[in-house]
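Engineer: quick one, fold the following:
(one chain, ligands or ions: 1)
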Amino acid sequence: PPAQPAASGARGPPHDSTGRQSARKRAVTDFEFGQTLGEGSYSTVVEATEKATGRVYAAKILDKRHIIKEKKIKYVNIERDILQALLHPFIVRLHYAFQDSQSLYFVIDLASNGELLSWIRKLGGLSEDCARFYLAEIIEAVEYMHMERTLHRDIKPENILLGSDMHILVTDFGTAKMFKRDEAEQRAYSFVGTAEYVSPELLTDKAADRNSDLWAVACVAYQLLTGRPPFKGSNEYQTFQKVLKLNYSFPPDMPPHARDLIERILVLEPENRLGSTQRGGFGELKAHPFFQDFDWHDLPSRTPPPMAGAA
Ligand SMILES: C[C@@H](Nc1nc2c(c3cc(-c4cn[nH]c4)ccc13)C(=O)N=C/C2=C\CC1CC1)C(C)(C)C
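Structural biologist: Now for the predicted structure:
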């Protein structure tokens, strides 16, 4: 078509042939890549500044040859589809996806305050108020994923990031599972998460469901307060043994309500966990005495408590 006259004023995103509004494609040349933020098993996450706007994002860069060699194409497509489908203030958003000859690029929200794990390690565990606030945000994010028929399957403090406003941003959906609308079976059999957060049923009959994410949330709750996960062996096998035998203990200074909440979730039978699907979901978690007087209304617009260490 003849060159379009330069439109005056701001133009909305161009319309493609079907007239639908389509976000303009981006390319590698639209960005300046900066420091490495994190390394995944098949990816590197780096800072990425969009030249035209100065906006700073995170770019997850995957090496195509490596993905193909390791037969991970399916996981890459799953992650892209799930990131595009999940829209929630506490979940990272995919802004653009493109590729060049050797890499795939996902341009994502930058979580400029890094991984929750770093804060837990730096402070040796959070104050009860901070732990309560961040556990509440994690519960909301996981409850939303489950309502969208998605299992995360690898919830852990490394995958819970903090934005510039210090609210959480859940990430790393490469091993998540999104069930189709009509898919009756809400159990997934193909993946085992990280040893310290994996649920017993995953180790015995490999079947993960929402109650497996719930188990991981309880492990994170324990770690928020104590600075370490409840099940930790000297190697992965030892850790698995501790999980299967429910072999963990609380420090004496564990706040009683927090101990009660975690004890009621770290139960071997998935359906008997507080907050399990069979018991009606996360509502009974939110009603637990640990959250007494906690205001669950509109968490994204609340100011997080100043990050503080356990007393
Ligand atoms: C968990 C992940 N680490 C990370 N993934 C992402 C970060 C991120 C940022 C920092 C950070 C920021 N400031 N200081 C550290 C440290 C680790 C990060 C970010 O900002 N935005 C999106 C991310 C990931 C998007 C992914 C869903 C596609 C691994 C370890 C797998 C690389």
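
Engineer: what residues does the chain put near the ligand?
Structural biologist: 37-40, 45, 58, 60, 92, 106, 108-112, 114-115, 158-159, 161, 171-173 (C-beta under 6 Å from any ligand atom). Placement of C-beta: from N, CA and C, glycine included.

Engineer: one more time with 5 Å, if that's ok
Structural biologist: Proximity of the chain to the ligand, by C-beta under 5 Å from any ligand atom, involves residues 37-38, 40, 45, 58, 60, 92, 108, 110-111, 114, 171-172.

Engineer: of these, select the buried ones using a PyMOL command.
Structural biologist: In PyMOL, a selection of the buried entries from those looks like this (16 or more other C-beta atoms under 10 Å):
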select buried, resi 37+38+45+58+60+92+108+110+111+171+172
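
Engineer: what about the residues of the chain next to the ligand, which are in strands?
Structural biologist: Counted as lying in strands by DSSP state E, out of the residues of the chain next to the ligand, are 37-38, 45, 58, 60, 108.

Engineer: quick one on the thing from earlier: of the residues of the chain next to the ligand, closest to residue 210?
Structural biologist: Closest approach between those and residue 210, by C-beta to C-beta: residue 172, at 17.9 Å.

Engineer: check what pLDDT that closest one gets.
Structural biologist: On the pLDDT scale, residue 172 is placed at 92.

Engineer: same check on residue 42?
Structural biologist: For residue 42, the pLDDT comes out at 87.

Engineer: re the thing from before, include pLDDT and distance to residue 244 when you put the ones in strands among the residues of the chain next to the ligand into a markdown table, please.
Structural biologist: Formatted as a markdown table, those follow (pLDDT from 0 to 100; distance: C-beta to C-beta, whole Å):
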| residue | pLDDT | distance to residue 244 |
| --- | --- | --- |
| 37 | 96 | 35 |
| 38 | 93 | 30 |
| 45 | 97 | 33 |
| 58 | 98 | 36 |
| 60 | 97 | 34 |
| 108 | 97 | 36 |
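
Engineer: report the two of these separated the most.
Structural biologist: Taking C-beta to C-beta, no two of those sit farther apart than 38 and 108, at 11.4 Å.

Engineer: okay, and the common contacts of those two?
Structural biologist: Residues touching both residue 38 and residue 108 by C-beta atoms under 8 Å, 6 or more residues apart in numbering: residue 45.

Engineer: helices along the stretch 101-250 of the chain, start to end?
Structural biologist: Under the criterion DSSP state H, counting those that start in this stretch, helices of the stretch 101-250 of the chain are mapped to 116-123, 128-147, 200-204, 210-226, 236-244.

Engineer: can you tell me which of the ones you listed has the worst average pLDDT?
Structural biologist: When I compare the helices of the stretch 101-250 of the chain, helix 200-204 is least confident, with a mean of 93.

Engineer: show me what it is packed up against.
Structural biologist: Packing partners of helix 200-204 (3 or more C-beta pairs under 8 Å, 6 or more residues apart in numbering; DSSP states H and E): helix 210-226, helix 236-244.

Engineer: many thanks, have a good one.
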